[in-house]
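S.K.: Task: produce atomic coordinates for the following.
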Amino acid sequence: MASGEEFELEEERSEQTAQRQDDDHVNVPARGCLPCRDRDVRRAYRNVYGLGLSLFFLFSAFQSVQNLQSSVNARGGLGVISLSLLYAAFVLSGIVTTSIVKVLGTKYAVMGGMTCHLVYIVCNYYPTWYSLIPASFLIGFASGPLWAAISAHITQIAVKLAPIVRERQDFLISQFTGAIFLFTQVSHLPGNLASSLILLHASDATNGSSETAAIVEGCRNSTISASYAGRIKDTYWYILVSVFVLFDLIAIFILALLVDRLPSSDPFCSSKAKFKRFIFDPSVSTIKMFFKWRLVFLGFMFVCSGLVQSFAFSVFAKEYVTDCLGLSQVGFVLMVLGLSNALTSGVVGKIVKYVPRLVIVLIATSINVGLIMFLLLWERIPSYLMAFLFAIGWGFTGGVWNTLSSSFVGILYPTESEPAYSVARMWQAFGLTVGFVMSYFDSQAAFLYLLLGLLLITTGLYMVVEFKSQSRTQIFPCLVFCIKETAAGSVEEEELVTRAES
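M.R.: Residues are numbered from 1 along each chain as shown. Modelled structure (predicted):
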C-alpha cells in the first residue's frame, strides 16, 4: 500500500515538473498538457505574423515614399541627400540601440520606430530642407532600434518555441526571419501600386502627349528628365501622402493589438542597477560585438545588402525607370522588384532546411554579378522588358541577402540578439548611406564596380564563417535529412519483420 502511495506521489511530482518545464519553455510539454502546448504555438505564430502584418502596412508607406525621393525631390538633390542623412543617422543609432531596446522592450521599441515613421510621412506633405532633413534624421535614428527589436523579438520567440514543437532553433529562426521579410517585401505592392495609379492619373491630366518626347530625351540626358519628373500637382501628392499616413496608423493599431510584450527578466531593480543593466552593459556588449570576427565577416554581407537596396531605390529608380519610362512607372517596376524579393524571402526561409545556405548564396552572387555586367555593357534605352526583368533578378538577390544574413546572426548569437542585430543593422545602414551618397554624385559606373568587388569579397568571407561555425549536418541538411529518412525506414522494416516472425 505504501509503495502504491509513493508511486502516486512520484507520478504527481513528475507531472508538476513537466508543467513547470512547459511554462518555462525549456523542454517539450507533457502529453497531458496538449492545450498548453497548442496555446503557446498559437501565441508564437500570432506574434510573428501580427508583427509581419504591421510591418507590411508600415513599409508600404515608407518604401513607396523612399522610392520616389530621388525623382520627386530631385531639384538640389534634396531627395537623395535626405536619404543619405537618414541612413547615416541609422548608423549612429547603433551604439545606443541595445540600450533603447532593453529599456522599452521589443514591442515598444518597434512602436516608437513606427511613430517616427508616421512623423516622416507627415513631413512629406511639404518636403523642404527645413522639414524633410530633420524628419529624415529622426526616422533614421529610430530605425536602428526598430530593426534590432524586430529581429530580437522573432529570435526570442523561435528559441522558446523550438523545444515545444521539437524543432531546431536555427530552422525556426530562418523560417520566422523569412516570414518577416516576406511581409516587408510584399509591402512594395500596395504602396507602389497606389503611387503609380495616382501619378499615372496626374501625368495624364497635366502632361498629356508631351511626356513621351520628354522621356525619350530624358533617357539620354538625366538633367532634362529630372526637371520634368518633378512637375506634379500638389493635389495628387497630398492624396498620395494621405494614403501613406493611413497605412502607418493601421500598422500601429495592428502592432498594439496582436503583438505581445515579452516579459523582462528583472522589472524591479534599483536606479544604479537600471543604469548598469540598461545603459552600461548594453553599450559595452554592443562595442564588444565589433570585435567578434564572425560578425565582422558577416558585416560585409550586410553592407552588400545595403548597397544592393540603395542601387535599386536611387540609381535604378532614377536612371532606368524615371528617365527612361516616366515617373508613373516607378511604382510598377519597384512593385515587381518587391514581389520578387518577398517570394524569395519566404521560399529561402523554408528551403534552408533542405538546401545548403552556401549554395543559395553562390546562386545569388552569380545572378548579381551577371546583372552588374549587363548594366556596365548595355546602352541605356527606353525598355519595359529590361526594367521588369532586371527588377525580378535584383529582387531575388536582395531577398537572399536580407533573409540569410539576418537569420545567420540569430543562429550564431541567440543569447546576444540585441547587440548582434544592432551592429549588423549598422553595417547595413552604412552600405545604404554609401550607396545614396554615390548616387548623388552620379557615379554609376563606380557604384557598379564597387558592388561587384564587394560581392566577391562577401561571398568568400561568408564561406569562411559557414565552414567555421556550422557542422556538416547544418551545411548539408538535405543529405543528412535523406540519410536519416533512409535509416528510419530501415529500422521500421526491421521492426515489421521482427513482429511478423514473432
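
S.K.: center of the protein, which residue is that?
M.R.: residue 181 (4.7 Å; C-alpha atoms, centre = their mean).

S.K.: What sits closest to that one if chain neighbours are left out?
M.R.: The shortest distance from residue 181 to any residue that is not its chain neighbour, by C-beta to C-beta, 6 or more residues apart in numbering, is 3.6 Å, and that residue is residue 345. C-beta coordinates here come from the backbone N, C-alpha and C atoms, glycine included.

S.K.: Just confirm the one you found contacts residue 185, I think it does.
M.R.: Yes - the criterion here is C-beta atoms under 8 Å, and residue 345 meets it with residue 185 at 5.7 Å.

S.K.: and for the two, which residues touch both?
M.R.: When contacts are counted by C-beta atoms under 8 Å, 6 or more residues apart in numbering, residue 345 and residue 185 have 399, 402 as shared neighbours.

S.K.: next helix or strand past the longest helix along the chain?
M.R.: With DSSP state H applied, the helix covering the greatest number of residues in the chain is identified as helix 78-123. Taking DSSP states H and E as the definition, the helix or strand that follows helix 78-123 towards the C-terminus is helix 129-165.

S.K.: any idea of the mean pLDDT in the helix or strand just after that following helix?
M.R.: Reading on from helix 129-165 to the C-terminus, the next helix or strand found by DSSP H and E is helix 169-186. The pLDDT scores in helix 169-186 average 82.

S.K.: Which elements pack onto helix 169-186?
M.R.: For helix 169-186, the elements it packs on are helix 34-72, helix 129-165, helix 330-351, helix 384-412, judged by 3 or more C-beta pairs under 8 Å, 6 or more residues apart in numbering; DSSP states H and E.

S.K.: in the shortest one, what counts as buried?
M.R.: When neighbours are counted by 16 or more other C-beta atoms under 10 Å, the buried residues of helix 330-351 are found to be 330-349, 351.

S.K.: Equivalent analysis for the longest one, please.
M.R.: Burial within helix 34-72, assessed by neighbour count using 16+ other C-beta under 10 Å, is assigned to 37, 40, 44, 47-72.

S.K.: What lies in contact with stretch 311-322?
M.R.: The contact list for stretch 311-322, computed with C-beta under 8 Å, 6+ apart, reads 66-67, 69-71, 74, 80, 83, 218, 222, 225-226, 229, 329-330, 333-334, 337, 380, 386-387, 390-391, 394, 398, 435-436, 439, 444, 447-448, 451.

S.K.: same deal with stretch 328-335?
M.R.: Applying C-beta under 8 Å, 6+ apart, the set of residues contacting stretch 328-335 is 63-64, 67-68, 71, 188-189, 191-197, 199-200, 202-203, 312-313, 317, 321-322, 325, 384, 387-388, 391.

S.K.: Could you check how far residue 353 is from residue 362?
M.R.: When distances are taken as C-beta to C-beta, to the nearest Å, residue 353 and residue 362 turn out to be 18 Å apart.

S.K.: where do the helices sit along the stretch 251-400 of the chain?
M.R.: Secondary structure of the stretch 251-400 of the chain (DSSP state H, counting those that start in this stretch): helices at 271-275, 281-289, 293-310, 323-325, 330-351, 357-377, 384-412.

S.K.: Least confident of those helices, on average?
M.R.: If you rank those by mean pLDDT, helix 271-275 sits at the bottom with a mean of 55.

S.K.: Residue 308: neighbour count?
M.R.: The burial metric for residue 308, expressed as a neighbour count using other C-beta atoms under 10 Å, is 26.

S.K.: Does it touch residue 402 like I think?
M.R.: No - look at residue 308 against residue 402 with C-beta under 8 Å: they stay out of range, at 9.0 Å.

S.K.: Could you list the low-pLDDT ranges of this protein?
M.R.: The model of the chain has pLDDT under 70 over residues 1-36, 202-232, 263-280, 442, 470-502.

S.K.: quick one on the thing from earlier: go through the helices and strands packed on helix 169-186 and name the closest to residue 294.
M.R.: With respect to residue 294, and counting by C-beta to C-beta, the nearest of these is helix 384-412 at 5.8 Å.

S.K.: buried residues in the closest one?
M.R.: Buried positions in helix 384-412, judged by neighbour count with 16+ other C-beta under 10 Å: 386-388, 390-391, 393-412.

S.K.: for stretch 295-305, same thing?
M.R.: Within stretch 295-305, the residues scored as buried using 16+ other C-beta under 10 Å are 295, 297, 298, 299, 300, 301, 302, 303, 304, 305.

S.K.: From the rest of the structure, what touches it?
M.R.: 289-290, 398, 401-402, 404-405, 408-409, 412-413, 420, 423-425, 427-428, 430-431, 434, 451, 454-455, 457-458, 461-462, 464-465.

S.K.: Distance from the chain centre to that stretch, please.
M.R.: A distance of 14 Å separates the centroid of the chain from that of stretch 295-305, by C-alpha atoms, centre = their mean, to the nearest Å.

S.K.: Can you get me a residue count around residue 109?
M.R.: Residue 109, neighbours per other C-beta under 10 Å, totals 26.

S.K.: circling back to that earlier point, of all the helices and strands packed on helix 169-186, which one is nearest residue 239?
M.R.: When the helices and strands packed on helix 169-186 are compared by C-beta to C-beta, helix 34-72 sits nearest residue 239, at 13.0 Å.

S.K.: If you compare the directions of that closest one and helix 129-165, what angle comes out?
M.R.: Orientation of helix 34-72 against helix 129-165 (axes from the mean of the first three to the mean of the last three C-alpha atoms, to 10 degrees) gives an angle of 160 degrees.

S.K.: which strands and helices sit next to helix 34-72?
M.R.: Helix 34-72 sits against helix 2-24, helix 78-123, helix 129-165, helix 169-186, helix 188-206, helix 222-229, helix 234-258, helix 330-351, with contacts defined as 3+ C-beta pairs under 8 Å, 6+ apart.

S.K.: Repeat the analysis, applying 6 Å as the threshold.
M.R.: Applying 3 or more C-beta pairs under 6 Å, 6 or more residues apart in numbering; DSSP states H and E, one finds that helix 34-72 contacts helix 78-123, helix 129-165, helix 169-186, helix 188-206, helix 234-258.

S.K.: what's the angle from the shortest one to helix 330-351?
M.R.: Direction vectors for helix 169-186 and helix 330-351, defined by the same axes, to 10 degrees, enclose an angle of 170 degrees.

S.K.: Repeat that for the fourth one.
M.R.: Comparing the axes of helix 188-206 and helix 330-351 via the same axes, to 10 degrees yields an angle of 170 degrees.
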